[in-house]
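Asks: Sequence and computational prediction follow.
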Amino acid sequence: MIDHVGLDVRDYQKSLAFYRKALAPLDYELIVEIQGWAGFGRGGVPTFWIRGGRQTSQAVHIALRAKSREQVGAFHAAALAAGGRDNGEPGPRPHEHDYGAFVEDPDGHNIEAVCGEPA
């Protein structure tokens, strides 16, 4: 089981603003900021971290669980409004019952929201 993930970002303030807006529909909030790090999560537990001022290497893919298909759509819309780039509109995915959406963050990381509940 994964405890948390972290991403290096070039522009900390730009990425902080992006993730605050993009993750809000998934009930993620900013939990803590410590010396150029920001931890987002649910229920007071930071599980998704960004670290600023670093040159990013190859873009990564991270999938975050959504509670519903509606949350997937809300995430996609919020991420695009926050400056993300569409990388896959909300819709069914190849795995049984998976419904997801993909956006690229300001550094090109592929961030997905996915719901595994049947329609």
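Replies: The structure has been received and is ready for your questions. Numbers count the residues shown, from 1 in each chain.

Asks: contacts, neighbours, all on C-alpha from now
Replies: OK.

Asks: where does this protein dip in pLDDT?
Replies: Within the chain, no stretch has pLDDT under 70.

Asks: in it, which spans are strands?
Replies: Using DSSP state E, the strands of the chain run over residues 5-9, 29-34, 37-42, 45-52, 61-65, 85-92, 99-104, 110-115.

Asks: right, and those strands - which one's nearest residue 23?
Replies: strand 29-34 (7.0 Å; CA to CA).

Asks: can the strands of the chain go into TSV with extra columns for distance to residue 19?
Replies: Shown next, in TSV, are the strands of the chain (distance: least, CA to CA, whole Å):
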stretch	distance to residue 19
strand 5-9	11
strand 29-34	9
strand 37-42	8
strand 45-52	9
strand 61-65	12
strand 85-92	13
strand 99-104	11
strand 110-115	10
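
Asks: of all those, which lies closest to residue 79?
Replies: Of all the strands of the chain, strand 99-104 comes closest under CA to CA, at 6.9 Å.

Asks: got the strands of the chain as CSV, with distance to residue 78 and mean neighbour count columns?
Replies: Listed next are those as CSV, based on distance: least, CA to CA, whole Å; neighbours: other CA atoms under 10 Å:
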stretch, distance to residue 78, mean neighbour count
strand 5-9, 19, 18
strand 29-34, 14, 16
strand 37-42, 16, 20
strand 45-52, 17, 20
strand 61-65, 15, 14
strand 85-92, 11, 16
strand 99-104, 10, 25
strand 110-115, 12, 23
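
Asks: Return the residues in contact with residue 68.
Replies: The neighbours of residue 68, taking CA atoms under 8 Å, 6 or more residues apart in numbering as the test, are 115, 117.

Asks: Apply 7 Å and report the result again.
Replies: Residues in contact with residue 68 (CA atoms under 7 Å, 6 or more residues apart in numbering) are residue 115.

Asks: sorry, back to before: residue 20: which of the strands of the chain is closest?
Replies: With CA to CA, the closest approach to residue 20 among the strands of the chain belongs to strand 29-34: 6.6 Å.

Asks: Much appreciated, bye for now.
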